[in-house]
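Peer 1: sharing a sequence plus its predicted fold:
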Amino acid sequence: MSDNYQSFAHNPIGKFLVKNLGLPNPPFLERWSAGDPLVKGTVLVGAATGSTLGPSLTAALKADGITSTTVAAPTKKYKGLVFDATGIDSAEGLIALQEFFTPVLRNLASCGRIVVVGGAVDEATTEGATIAQRALEGFTRSLGKEVGAGSTVNLVYVSKGAEKALASTLGFFLSPKSAYVSAQVIRVGATGIITAPAVKDLQKPLAGKIALVTGASRGLGEADMRTLARDGATVIGLDVPPLQDDLKALAEELGGDFIVGDITADDAPAIIAAHIKKHHGAVDILVHNAGITRDKRLRNMKAENWQLVVDISVGAPQRITDHLLDQKLINQGGLVVGIASIAGIAGNNGQTNYASAKAGVIGWIQSLADRAAQDGIRANVIAPGFMETEMVQTIPLGLREAGRRMNSMSQGGLPVDVAEAIAWMANPGSAAVSGNVIGVNGQMLIGAS
Ligand SMILES: NC(=O)c1ccc[n+]([C@@H]2O[C@H](COP(=O)([O-])OP(=O)(O)OC[C@H]3O[C@@H](n4cnc5c(N)ncnc54)[C@H](O)[C@@H]3O)[C@@H](O)[C@H]2O)c1
């Protein structure tokens with residue numbers, strides 16, 4: 001779906017009006033294409049005094065094939081800035097952020113990437129360290145709103161022991177794969193899984209993995225299928241009977257498989273389990289993408305529309321996942337992804353049913369991440385913001401245009417942006433990424449992000 005306003009804002013008349021009327025100015029975002037290096041340019045790495053992650057960061061960048069330096073050259077443009085803030089242990093020490101970033105921010109290339117790395121706040125051993133590490137969130141979210149030009153700022157908290165499990169996460173947040181992900185807080189090692197294997201083939205990290213995506217025939221689900229297949233996974237799409245033809249065509253195009261059915265049906269868990277067992281043995285990646293909206297203010301809400309939205313978003317995914325876990329049909333190292341929404345975090349007028357369901361997804365996945373960690377299975381949430389799919393075409397025009405522009409990128413995200421985030425989570429190198437809630441929303445300007 002093309003963004004006509006974005007094209008207009010980049011033609012000569014549009015540029016003039018945007019500048020003089022202070023209108024939103026959506027930059028063209030760089031996105032990754034198969035065969036590209038992860039980062040086209042150099043990443044500058046800095047550290048606060050007393051920080052300990054230097055060798056791990058260098059090793060991770062090397063494993064990703066990313067060129068890095070620790071010496072800033074005044075006239076050079078950097079595609080990324082990484083700052084190890086783990087050593088900051090007092091409020092006064094936070095000045096290290098200003099000392100590193102202020103002189104080099106003008107050297108950040110367009111669509112540049114900033115990653116701040118901290119230590120897990122709940123592992124801080126002094127009050128000063130707790131203050132400083134928690135402060136990194138405010139810093140990250142504010143800088144995200146400042147950088148502009150399609151650049152992003154994200155914060156990675158690293159738990160003790162997980163220092164060697166950073167390559168996949170750094171690779172994602174420094175590359176164009178994270179084009180629409182900004183102001184997020186990522187916790188590596190938070191659920192106690194602290195190791196991750198080295199990934200040899202950066203182009204096909206999911207080779208040999210089996211992925212099931214629900215709601216797969218269009219929108220975000222279709223992009224998930226394409227991106228997971230691009231990265232080497234065998235994909236199984238599931239969708240409802242009316243979309244059977246599209247689903248079949250997509251699965252065939254990707255050399256994958258498909259299941260036709262409604263996830264809320266009583267026999268859905270058994271049918272899915274039987275299909276997986278018979279044709280694939282088990283799955284490694286389970287993406288609960290299917291979702292619908294039935295928007296009405298609560299005073300006009302019909303019980304059946306409440307029930308349907310909640311069951312499709314969280315009830316059915318929970319039943320299906322539990323059945324697959326009981327039947328041991330999710331492999332060790334596997335990943336369950338719940339799709340929430342910014343509405344589940346910030347709330348939305350006319351969406352009490354949808355926002356309840358999507359907040360419920362977050363609760364469910366975080367509980368699952370704790371309970372499944374002992375089996376080496378991970379669970380994470382993606383909370384999309386305004387993504388350009390058919391779902392958002394039902395929003396009234398004015399509201400739709402506001403939703404599209406009210407983020408740091410001044411534009412809606414593309415389905416591939418969610419898919420790239422899922423592919424990062426599914427990467428074996430992300431084995432220590434569990435229990436996370438990642439917004440793919442261009443950094444919302446109002447409410448939570
Ligand atoms: N598009 C956005 O801006 C946005 C924002 C936040 C969250 N999300 C979430 O992302 C997910 C995908 O959204 P989308 O925009 O691609 O929507 P979409 O309407 O384009 O696609 C949803 C898919 O889910 C399938 N589906 C619906 N009910 C089903 C059921 N009972 N059983 C099996 N399949 C079913 C549909 O047939 C469809 O293929 C949803 O969970 C949605 O809530 C989307």
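Peer 2: Yes, it's here. Numbering: from 1, shown residues only.
Peer 1: the stretch 251-400 of the chain: helices as residue ranges?
Peer 2: 268-279, 303-310, 316-326, 342-346, 352-372, 397-405 (DSSP state H, counting those that start in this stretch).
Peer 1: tell me the most buried of those?
Peer 2: helix 342-346 (a mean of 23; mean count of other C-beta atoms under 10 Å). To be clear about C-beta, it is placed using only N, CA and C from the backbone, and glycine gets the same treatment.
Peer 1: that older thread, using JSON lines, please lay out the helices of the stretch 251-400 of the chain together with mean pLDDT.
Peer 2: Shown next, in JSON lines, are the helices of the stretch 251-400 of the chain (pLDDT from 0 to 100):
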{"stretch": "helix 268-279", "mean pLDDT": "98"}
{"stretch": "helix 303-310", "mean pLDDT": "98"}
{"stretch": "helix 316-326", "mean pLDDT": "98"}
{"stretch": "helix 342-346", "mean pLDDT": "95"}
{"stretch": "helix 352-372", "mean pLDDT": "98"}
{"stretch": "helix 397-405", "mean pLDDT": "88"}
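Peer 1: quick one: those as a markdown table, columns for distance to residue 411 too.
Peer 2: What follows is those, written out as a markdown table (distance: least, C-beta to C-beta, whole Å):
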| stretch | distance to residue 411 |
| --- | --- |
| helix 268-279 | 36 |
| helix 303-310 | 27 |
| helix 316-326 | 29 |
| helix 342-346 | 15 |
| helix 352-372 | 22 |
| helix 397-405 | 6 |
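Peer 1: nearest to residue 41, out of these?
Peer 2: For those, the distance to residue 41 is smallest for helix 397-405, at 28.4 Å, taking C-beta to C-beta.
Peer 1: quick one: strands adjacent to the longest strand seen in the chain?
Peer 2: As assigned by DSSP state E, the longest strand anywhere in the chain is strand 108-119. Sheet neighbours of strand 108-119, with direction, are listed as strand 78-84 (parallel), strand 152-158 (parallel) (DSSP bridges).
Peer 1: quick check: which ranges of the chain have low pLDDT?
Peer 2: 1, 447-449 (pLDDT under 70).
Peer 1: 80 instead, please
Peer 2: For the chain, applying pLDDT under 80 flags the ranges 1-2, 8, 14-19, 21-23, 446-449.
Peer 1: what parts of it come near the ligand?
Peer 2: Contact residues (C-beta under 6 Å from any ligand atom) of the chain with the ligand: 214-215, 217-221, 239-240, 243, 262-264, 289-292, 312, 339, 341, 384, 386-387, 389-392.
Peer 1: show only the entries of those residues found in strands.
Peer 2: Short answer: those in strands (DSSP E) are 214, 239, 339, 384.
Peer 1: which two in these are spaced the farthest apart?
Peer 2: 239 and 384 (18.4 Å).
Peer 1: give me the neighbour count for residue 219.
Peer 2: 19 (other C-beta atoms under 10 Å).
Peer 1: hmm, I typed the wrong one, I wanted residue 84.
Peer 2: 25.
Peer 1: quick one on the thing from earlier: distance to residue 283 added to the strands paired with strand 108-119, as JSON lines?
Peer 2: Output for the strands paired with strand 108-119, formatted as JSON lines (distance: least, C-beta to C-beta, whole Å):
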{"stretch": "strand 78-84", "distance to residue 283": "34"}
{"stretch": "strand 152-158", "distance to residue 283": "28"}
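Peer 1: who wins for proximity to residue 347 among the ones you listed?
Peer 2: With C-beta to C-beta, the closest approach to residue 347 among these belongs to strand 152-158: 23.8 Å.
Peer 1: how about the closest one: buried residues?
Peer 2: Neighbour counts over strand 152-158 (16 or more other C-beta atoms under 10 Å) mark 152, 153, 154, 155, 156, 157, 158 as buried.
Peer 1: how much space is there between the third one and residue 332?
Peer 2: Meaning residue 154. Distance, residue 154 to residue 332, using C-beta to C-beta, to the nearest Å: 28 Å.
Peer 1: and if you look at the fifth one?
Peer 2: In this view, residue 156 and residue 332 are 25 Å apart by C-beta to C-beta.
Peer 1: any idea how this protein splits into domains?
Peer 2: What automatic domain parsing lists as the domains of the chain is 4-27+41-188, 210-440.
Peer 1: mind putting these into CSV with distance to residue 197?
Peer 2: Formatted as CSV, the domains of the chain follow (distance: least, C-beta to C-beta, whole Å):
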stretch, distance to residue 197
domain 4-27+41-188, 9
domain 210-440, 5
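Peer 1: nearest to residue 35, out of those domains?
Peer 2: Across those, closest to residue 35 is domain 210-440 (C-beta to C-beta), at 10.5 Å.
Peer 1: gap between the two ends of the closest one?
Peer 2: 24 Å (C-alpha to C-alpha, to the nearest Å).
Peer 1: likewise for stretch 43-55?
Peer 2: End-to-end distance (C-alpha to C-alpha), stretch 43-55: 15 Å.
Peer 1: what comes up buried for that stretch?
Peer 2: Buried, per 16+ other C-beta under 10 Å, within stretch 43-55: 43, 44, 45, 46, 47, 48, 51, 53.
Peer 1: which two among the residues you listed are spaced furthest apart?
Peer 2: Across the buried residues of stretch 43-55 (C-beta to C-beta), the longest gap, 17.3 Å, separates 43 and 48.
Peer 1: helices or strands up against the helix or strand where residue 228 lies?
Peer 2: Taking DSSP states H and E as the definition, residue 228 sits inside helix 219-230. On a contact count with 3 or more C-beta pairs under 8 Å, 6 or more residues apart in numbering; DSSP states H and E, helix 219-230 meets strand 210-214, strand 234-239, helix 244-253, strand 283-288, helix 415-426.
Peer 1: go ahead and confirm residue 144 touches residue 182.
Peer 2: Yes. Contact between residue 144 and residue 182 holds when scored by C-beta atoms under 8 Å: they sit 4.6 Å apart.
Peer 1: before we move on, back to that, could you redo the buried residues of stretch 43-55 as TSV and give each row secondary structure?
Peer 2: Output for the buried residues of stretch 43-55, formatted as TSV (DSSP: H, G, I helix; E, B strand; the rest coil):
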residue	secondary structure
43	strand
44	strand
45	strand
46	strand
47	strand
48	coil
51	coil
53	coil
